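# Just a sequence and a predicted model for now, questions to come.
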Amino acid sequence: MLVVTCSAMADSCLVNRVHEMSEPPSVIPQPEHSGDTPASLEDEKTQPTQEILDALLQLNPQSFPPAAQGSTDDQSGLKQEPTPPPPSEWEVTRAELRSKPTDADLWLKLVDLAEDSGNIERIKDTYEALLEAYPNTSSAQIAYINHFLEDPASFGIAESLFLRFLRKSPWVDLWKFYLIYIRRLNTGPNAREVIRKSYEFALNHVGQDKDSTEIWTDYIQFLKAGESTTTWEEQQKMDAVRKAYHRAVQIPMENVKRLWEEYQEFENGLNRITAKKFLSDLQEGHMQARTVLNQLQEHLTVLFPPPPPSHTARPAIWLPRQPTFNAGDKALVGRWRMYLKWEESNPLEIEEKERATLLTRVQGVYRKATVRMRFFSEVWYMAYVWTNSIGKTEEAISLLKTGIEANPSSFVLNFAYAEAQELAQNFEEVHATFDKFLDVLKRDLEIIENRVSSANSSFSNGSAPATQPAPSDAAQAFGQQSQNSSFNTQTSDEKPPKSKELVDRRTEYGIAWIMYMRFARRAEGQKSSRAVFAKARKERWTPWEVYEAAALIEYHCTKALDVASRIFEKGMEIYNDEVEFVLRYLGFLISVNDENNARALFERVITTFPPERARPLWDRWARYEYQFGDLAAAQKLEKRIAEAYPTDPPIKRFAERHKYLGTDAIAVRDLGFVINRAGSNASRSTGSSLGRTDTQQSLMSNPPSSQPQATSSSSKRQSSPDHRRRDDGRPSDYGPPPKRPRPSSPSRDRERERWEGPPRRRHGTPPWEREREPPVRRFKEEREEEKGVTIPPVLSWFVGMLPAPAAFDGPVFRTDDLMQVFRNAVIPSSTGMRGRSPPPPPRPGGRPPPDYGPYQGPGRRGRF
């Protein structure tokens, strides 16, 4: 028996050996088992991992027998987890909205996807998220509630939603939807009292609305339809109807005239004698309501555009968009501002005893405004100011909080909320508000930095390598931080991106820190202000304005000149190439009469700036030397300035030495320049800025042009001052009208360069340098200039809704060629007369003949 078994085992081994020799050689060598180690343990030590087998199978599938591949598939099937299904379009859109919570189009798409899915849980999630982003949107609320009105079992959910939405909603359509639900639900014998209370509840909230006519009409018809079995009940019903009419006919709403006619019929049907008395008492209030209705319709013409059409069966939903502050946005917010002020002025002339009615009306208007203009901080601030003015402080603060949720980066709302909490002695809330606001601004800065960096990297990758360009003014204005500064949080090689937007946002970020330091000093003392400044120093985005503000707070509030100087010096370690900061520091030292340190600072920094950027430093120190130094020092300084600016005429520097408070007698009396020290429009049109102060020049000067500079020797002087007056004066009553002035006259440019030298960048003066300078009226002038061309608000709104000019991709016609075609066109006569004669040849110059012939093309030198 033992022999047979061994023999059978030998035959089996031989067959397996022959079978292995007949197969192709395997890529993985099979190890031989030693006598001391069991085969199973040896297989575990030498067996390759499943990842290696899968990789080898992909490289050479033929190297594995079918059995081995099958086993591999079985093992991978046991170990591999099931692949999750791909995310649906709704899930993708929802994830995208988490990063773009104010994208109205994406929200509408999400609602459509949820409605199409038919999944009630998904629909609930969609509308809850939508109403969290856009509260009090009545169209979305109605569409949401409508899903729970089909099945009576879900009426409880609908009632809970009504309870959430109604009290804060100013929209008539939601209240009408609620009344329809109440009348549908209450049909028993005791239903009339419930329905009556529901109508009164609705009218107390939205009864003053222009669109509440339908609610008033239904309510009056409901009262008239009431049954009465006794004379007393009939009299009670008539009194209720009369009271409802009295309230309704004095409200400026649609079809108020028809309600008045119905009321007349109602009173005349009861008693003509008492009807005359009742109607005469209400006549004045009704006519006032009709007059106000006409004005109200004019105000609301463009404030409520229709919502976009819905692609599904749901009602259309209107959502506010983020403002771009184009012409349309400015016109729209201007119309809202005008309308809100008009409502506050009590156009209905409501008496003081009915002041609650006026407050309810204005409050409803402001609630509508904050929904429609959700992303306009000015509207929220107006609502806060009005609510606070009527004594509702808590509600006003709640408005600010809601407005900050909608506009987290709003300066006006955050500052107003911080001041309100400071007045309430809630200092912890003020600290939390500033911390949150600064975090929002920092995230915005990082987003802009990433966008600018990606744009710069893509531009550098797409362009050929070139030499390193010289740093621009925008980059230099951004600032380069010192390597060995204790305030520096960047590495020595890290430089901010070159972006004017980033520079402006960084300065605004510094404004928030400055306001934070001011609050800390007012509420908690100088120690708290220093702690805030210490936090600001650790931020890489802190601009130089924060250092200057901290130094001035120390000097003016604690009289600590040494502390203020140390802060300025610490700022110099970081912003030593910021001309504006150095200028402020120099002005501060001059203002505290620290001449030695001021002179040392000037000599230390003047050689670190190129001449085109150092000009304000030269001018500021020269003005100090002219006023308080000796003549030898002034002439020595003028010699250094002449070496730095060789194109400046000597008489200009001489005149600067003898000028005071903008009065330049040399330029006016000896050189014939027309100087307007108030900075009027005439001064700007002539290009002369000699009479302006440095502050006015910094506010009103244009950026330097790229035209070639002319030397003083080749400049040509104007004939006389009267010539300029004739050009700038109004046109004469006779003769051809004057030519339109060119944007830049070469002769005037040469004249300006003759006096002022080459065009350069102007800088403003610090506050302490404005000794007695006339006030700057730039903003008033801009408003006066804007009054010249007034576009109707409706047209401004329409223009603002048009696409940008860059979006036009159609053909572009040359105006000259098109006019040439029109000029040479021969139009046949319908009466059979001969065709129009060709135009006469162009005249060599001068005015056209008295018959004012057709336009002769651009080759003519005359006006026509």
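Nice, I can see it. Numbering: from 1, shown residues only.
# Identify each buried residue in stretch 513-530, please.
513-517, 519-521, 526, 528-530 (16 or more other Cβ atoms under 10 Å). Every residue, glycine included, has its C-beta placed from N, CA and C.
# what's the average pLDDT for stretch 296-309?
Mean pLDDT, computed over stretch 296-309, is 82.
# now the end-to-end length of it.
The first residue of stretch 296-309 is 26 Å away from its last residue (Cα to Cα, to the nearest Å).
# Enumerate every residue touching residue 371.
134-137, 170-171, 320 (Cβ atoms under 8 Å, 6 or more residues apart in numbering).
# Now secondary structure too, for these, in TSV please.
Output for those, formatted as TSV (DSSP: H, G, I helix; E, B strand; the rest coil):
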residue	secondary structure
134	coil
135	coil
136	coil
137	coil
170	coil
171	coil
320	coil
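# which one of the buried residues of stretch 513-530 is nearest residue 314?
Proximity of these to residue 314, judged by Cβ to Cβ, is greatest for residue 515, which lies at 45.2 Å.
# Show me the shaky parts of the stretch 351-500 of the chain.
Scanning the stretch 351-500 of the chain for pLDDT under 70 picks out 458-498.
# and if we set it to 90?
By pLDDT under 90, the low-scoring segments of the stretch 351-500 of the chain are 351, 353-354, 451-500.
# the helices in it, which residues?
Here the stretch 351-500 of the chain has its helices, by DSSP state H, counting those that start in this stretch, at 355-372, 377-389, 393-406, 411-423, 427-462, 473-478, 500-524.
# Nearest to residue 569, out of those?
helix 500-524 (18.7 Å).
# Please name every helix or strand in contact with the closest one.
helix 411-423, helix 427-462, helix 473-478, helix 526-537, helix 544-558 (3 or more Cβ pairs under 8 Å, 6 or more residues apart in numbering; DSSP states H and E).
# ranking the contacts of residue 371 by neighbours, who comes first?
residue 137 (26 neighbours; other Cβ atoms under 10 Å).
# my guess is that residue meets residue 127, correct?
No: Residue 137 lies out of contact with residue 127 (Cβ atoms under 8 Å); the separation is 9.8 Å.
# Tell me the pLDDT of residue 577.
89.
# That one in helix, strand or coil?
Residue 577 - assigned by three-state DSSP - is coil.
# Now for it, how many residues are close by?
20.
# That one contacts residue 609, doesn't it?
Yes: under the criterion of Cβ under 8 Å, residue 577 makes contact with residue 609 at 7.5 Å.
# What residues of the helix or strand encompassing residue 179 count as buried?
Here residue 179 sits within helix 172-185, counting by DSSP states H and E. Within helix 172-185, the residues scored as buried using 16+ other Cβ under 10 Å are 172-179, 181-183, 185.
# same check, this time on stretch 653-668
653, 655-657, 659, 662, 664, 666-667.
# tell me the least confident of these?
Minimum pLDDT across those falls on residue 662, with 83.
# So what does residue 660 look like in phi/psi?
phi -140, psi 130 (degrees, to the nearest 10).
# all numbers from here: first residue = 149
Right, with 149 as the first residue, what we last looked at is residue 808.
# Which residues does it form beta bridges with?
Judged by DSSP bridges, the bridge partners of residue 808 are residue 811.
# where does it sit relative to residue 518, distance-wise?
Counting by Cβ to Cβ, to the nearest Å, the gap from residue 808 to residue 518 is 53 Å.
# and stretch 232-247, average pLDDT?
89.
# State the number of residues packed around residue 362.
Neighbours around residue 362, by other Cβ under 10 Å: 15.
# For it, give me its contacts.
Contacts of residue 362 by Cβ under 8 Å, 6+ apart are 320, 324.
# That one is in what secondary structure piece?
Going by DSSP H and E, residue 362 is in helix 361-372.
# The next helix or strand after that helix to helix 503-520, inter-axis angle?
Next helix or strand after helix 361-372 toward the C-terminus (DSSP H and E): helix 379-396. Per axes from the mean of the first three to the mean of the last three Cα atoms, to 10 degrees, the angle that helix 379-396 makes with helix 503-520 is 60 degrees.
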